[in-house]
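Asker: build the 3D model from these lines:
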Amino acid sequence: MAGKFIVNVGRGELLEEKAFFESLKDGILKGAAIDAWYAYPGPGNARVPPSRYPFHELENVLLSPHVAGFTPEAAARNIEATIENIRAFLETGLPKWEVDLRAMY
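Answerer: Below you'll find the predicted structure:
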């Protein structure tokens, strides 16, 4: 991936944290836009840094606080999907989409 950009809006764990940081720091990756992190506030909203590595110090990184999915379009689509799921359940007794408790989503 030398010379490429990475955009991560999914999950931090998709990319190995140390290798990701070092490849950006060393210029192997050209840059990154990061909206997904490795650590999040826990119970009581205790403040934690989003990574063990100082991504925020790198000139080739654009950061956001994991809010890329919170747009008017995303909200409208979530409402539509919720209505579809309820409608499917009322019509068939089964939802269109179910949470996988083992995967925790």
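Asker: what's next to the helix or strand Glu73 falls within, contact-wise?
Answerer: Counting by DSSP states H and E, the element that carries Glu73 is helix 72-92. For helix 72-92, the external contacting residues (Cβ atoms under 8 Å, 6 or more residues apart in numbering) are Leu94, Pro95, Lys96, Trp97. Backbone N, C-alpha and C define where each C-beta goes, glycine included.
Asker: let's have those in CSV, adding neighbour count and distance to Pro54.
Answerer: CSV is the format used below for the contacts of helix 72-92 (neighbours: other Cβ atoms under 10 Å; distance: Cβ to Cβ, whole Å):
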residue, neighbour count, distance to Pro54
Leu94, 9, 48
Pro95, 14, 43
Lys96, 13, 43
Trp97, 10, 38
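Asker: which one of the residues you listed sits closest to Glu57?
Answerer: Trp97 (39.9 Å; Cβ to Cβ).
Asker: quick one: residues contacting that closest one.
Answerer: Per Cβ under 8 Å, 6+ apart, neighbours of Trp97: Ala81, Asn85.
Asker: again, only using 10 Å
Answerer: Ala81, Thr82, Glu84, Asn85, Ala88 (Cβ atoms under 10 Å, 6 or more residues apart in numbering).
Asker: any regions of this protein where pLDDT drops low?
Answerer: Applying pLDDT under 70 to the chain flags residues 45, 103-105.
Asker: pretty sure Val7 contacts Leu62?
Answerer: Yes: the pair Val7 / Leu62 is scored as a contact, 8.9 Å apart, by Cβ atoms under 10 Å.
Asker: and for those two, which residues touch both?
Answerer: Counting by Cβ under 10 Å, 6+ apart, the residues touching both Val7 and Leu62 are Gly31, Ala32, Ala33, Ile34, Asp35.
Asker: just to revisit the earlier point, between the contacts of helix 72-92, which sits nearest Pro43?
Answerer: Trp97 (27.8 Å).
Asker: Gly69 and Ala81, how far apart?
Answerer: Distance, Gly69 to Ala81, by Cβ to Cβ, to the nearest Å: 13 Å.
Asker: right, I'll call it a day here.
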